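[1] okay, predicted coordinates and the sequence, questions at the end:
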Amino acid sequence: MPKPIRKAVFPVAGLGTRFLPATKAMPKEMLTVVDRPIIQHVVDEARAGGIEHFIFVTGRNKGVIEDHFDSQFELERTLKERGKAGELEALQRDLPKPGQTSFTRQQSPLGLGHAVWCAREIVGNEPFALLLPDVLHYAETPCIGEMIKAYGQRPGNYIAVAPVPADQTHQYGIVGLEDANAKTSRITRMVEKPKSGTAPSNLHISGRYILEPEIFRILDAGERGAGGEIQITDAMIRMAETRPFYAFRFDGTIYDCGSKIGFLAANVAYALARPDLAPALRGELKKLL
């Protein structure tokens, strides 16, 4: 029996410069999609997928993320005194149980691979999920939950992929597969931002991973890649020489909230999925358009 996937890593140390000045004093992960921070949506996905321990790799000025996933006695008392039982219940429902969250600091901005490496002591010698916090995977069934099920049937390393237009493959990490049409297929090649016309497929790496702890040994070397940073894709390419990697094809909708257009689209899409907001929002959108 494979070891269960119990822990998830969320690298939240980025500066969010594309959203300045909004992110001058507030982490980009705390920007809201409708009425929930982006990071809360991603944690919701992990929790719905069966994750039990949430590991946040933070940086400077990220203390508000830790506060968000903690009790706020004064707020809860005020809500109780004012009879706002629904709001209080919602806050308590979202709150992780004691001991379910861990926070560690990435002191230097050395890349995604380095951020993952910073979580090594908390993860330990077991496979784990990695969820990029600025990419929302919208579907009825949580993406990481489906990946965990696939891992249970065939252990290994998994990467969520989704199609992009062929003329955009140079902007992403792209995979080549044994069967590009299968829901899950063994990866035969990984290329970071291939030159136009050289991509092995149009399936890009979309920000959800299941990784075996062997990845930490490779990241230990601290080898620098593109931009002088320690890249997780480089480490996975090396790891794939000895360990199996599988692509999991995600069939939902992906919103890149690291871009302004993706962030705005996510707000509209998530609001339109809400029965309490959709009718009025449709009316407002018709006026604007």
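    Here it is on my side, so go on.
[2] helices along this structure, start to end?
    38-48, 63-68, 73-81, 85-94, 112-117, 120-123, 143-153, 214-219, 232-239, 260-272, 278-288 (DSSP state H).
[3] give me whichever of the ones you listed is most buried.
    Across the helices of the chain, averaging neighbours per residue (mean count of other CB atoms under 10 Å) puts helix 112-117 on top, at a mean of 23. Glycine gets a C-beta too; all of them are placed from N, C-alpha and C.
[4] output the contacting helices and strands for that helix.
    Applying 3 or more CB pairs under 8 Å, 6 or more residues apart in numbering; DSSP states H and E, one finds that helix 112-117 contacts strand 7-11, helix 214-219, helix 232-239.
[5] which residues are contacting stretch 160-171?
    Stretch 160-171 is contacted from outside by 137, 143-144, 147, 172, 175, 193-196, 199, 202-209, 247-250, 254, using CB atoms under 8 Å, 6 or more residues apart in numbering.
[6] got it, and stretch 78-87?
    Against stretch 78-87 from outside (CB under 8 Å, 6+ apart): 88, 91.
[7] so how far is it off the chain centroid?
    Distance, stretch centre to chain centre, for stretch 78-87: 32 Å (CA atoms, centre = their mean, to the nearest Å).
[8] distance between the ends of it?
    For stretch 78-87, the first and last residues are 11 Å from each other (CA to CA, to the nearest Å).
[9] pLDDT wise, what is residue 230 at?
    You'll see residue 230 listed with a pLDDT of 85.
[10] what's the neighbour count on it?
    Residue 230 is flanked by 21 other residues according to other CB atoms under 10 Å.
[11] that one contacts residue 108, correct?
    No: with contacts counted by CB atoms under 8 Å, residue 230 stays clear of residue 108, the gap being 10.1 Å.
[12] what is the residue nearest to residue 129 when sequence neighbours are not counted paired to in the beta sheet?
    Using CB to CB, 6 or more residues apart in numbering and skipping residues adjacent in sequence, the residue nearest residue 129 is residue 8, 4.1 Å away. Applying DSSP bridges to residue 8 gives these bridge partners: residue 54, residue 129.
[13] so residue 8 makes contact with residue 51?
    Yes: the pair residue 8 / residue 51 is scored as a contact, 4.4 Å apart, by CB under 8 Å.
[14] and the two? Which one has more around it.
    residue 8 (29 against 23).
[15] let me have the helices and strands packed on helix 112-117 in JSON lines, extended by distance to residue 164.
    Putting those into JSON lines (distance: least, CB to CB, whole Å) gives the following:
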{"stretch": "strand 7-11", "distance to residue 164": "22"}
{"stretch": "helix 214-219", "distance to residue 164": "25"}
{"stretch": "helix 232-239", "distance to residue 164": "16"}
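[16] rewinding a little: need the buried ones from the contacts of stretch 160-171 selected in PyMOL.
    Entered in PyMOL, the line below selects the buried ones among the contacts of stretch 160-171, by 16 or more other CB atoms under 10 Å:
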select buried, resi 137+143+144+147+172+175+194+199+202+203+204+205+206+207+208+209+247+248+249+250+254
